[in-house]
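Asks: Compute the structure for the input listed below.
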Amino acid sequence: MACSSGDVPADEINDPGAAPYGNFINYYSFNPPENRLSLIPASLLQDLGYRDEHQPTLILDVGCNSGELSVALYKHLVQQAESEEPSAGRKVHLLGFDLDEKLIQRAQQANPLPDSISFIPLDAVRDTEQLGAYLRQRDCSRFHLCLCLAVTMWVHLNHGDPGLLRLLTSLAAVSQHLLLEAQPWKCYRSAARRLRKLGRSDFDHFKELKIRGDVAEHAKEHLERNCSMVLVQSFGSTAWDRKLLLFKRR
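Replies: Below is the predicted model of the structure:
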């Protein structure tokens, strides 16, 4: 998830505190796609049963930044699987979105698979109508797989506990499966410290957050208790000690 913050000075490019909404202009240079893809099996779509040849499989990438992970994930889940089993599966479409329009423009310009992958600017906390329209155009009620990777902290810091829960609820409502990577609390402290180091105002909600500690566990409890989802698999933790948790609609 990212919010547009204008041009970033050159001396702040490599400082995570320089992007208070998570809209790093060089994100995949310090967290390359392979950090997640090494944990996600290439057979995931087949394992989840999405192989009907008569309808498209829809993937949603929340907070896609400049799109490198979206493209790499598509190739990992679709092209690699097709090379191993050419007759497997139906057409797969991936929609990536981010709040930062400059990052979306970069994603659109660099997109090598425009027939299969599209990118749009969108605020998932405030506006989900575009997602509903996208689904209706494809005669689907939900995305088959939604990825929300390293997004929750930025929504949480900028919109508070209600914003985090609203994000999880809205994504659960449009997803059959949800792959979640929630930043641990130590990342919150680091983000706040780096922001202060730059002489900027603290995150509006940081000191008043009641959801603390094991944020992934809090997210799991909310999804299972209030969103009709259940945890079905953990793909382990990334090199940054973040769990990749797969939820399924009951």
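Asks: tell me the helices in the chain, going along the chain?
Replies: Here the chain has its helices, by DSSP state H, at 27-30, 34-37, 44-47, 68-74, 80-84, 101-110, 129-137, 152-173, 185-197, 215-226.
Asks: Any idea which of the ones you listed gets closest to Ala239?
Replies: Closest to Ala239 of these, according to Cβ to Cβ: helix 34-37, at 5.7 Å. Any C-beta I mention is one placed from the backbone N, CA and C, and that applies to glycine too.
Asks: Send over the closest one as PDB, restricted to the C-alpha atoms.
Replies: C-alpha atoms of helix 34-37 as PDB (Å, rounded to 0.1, in the frame of the first residue of the first chain):
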ATOM      1  CA  GLU A  34      12.600 -14.000  -4.900                       C
ATOM      2  CA  ASN A  35      12.400 -13.400  -1.100                       C
ATOM      3  CA  ARG A  36       8.700 -14.300  -1.200                       C
ATOM      4  CA  LEU A  37       8.600 -16.600  -4.300                       C
END
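Asks: chain center to it: distance?
Replies: 13 Å (Cα atoms, centre = their mean, to the nearest Å).
Asks: how about CSV for the helices of the chain, with mean pLDDT, mean neighbour count and distance to Leu122 added?
Replies: Output for the helices of the chain, formatted as CSV (pLDDT from 0 to 100; neighbours: other Cβ atoms under 10 Å; distance: least, Cβ to Cβ, whole Å):
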stretch, mean pLDDT, mean neighbour count, distance to Leu122
helix 27-30, 86, 14, 18
helix 34-37, 94, 17, 21
helix 44-47, 94, 17, 23
helix 68-74, 97, 22, 14
helix 80-84, 64, 14, 28
helix 101-110, 97, 17, 9
helix 129-137, 92, 14, 6
helix 152-173, 96, 21, 11
helix 185-197, 90, 15, 23
helix 215-226, 98, 17, 21
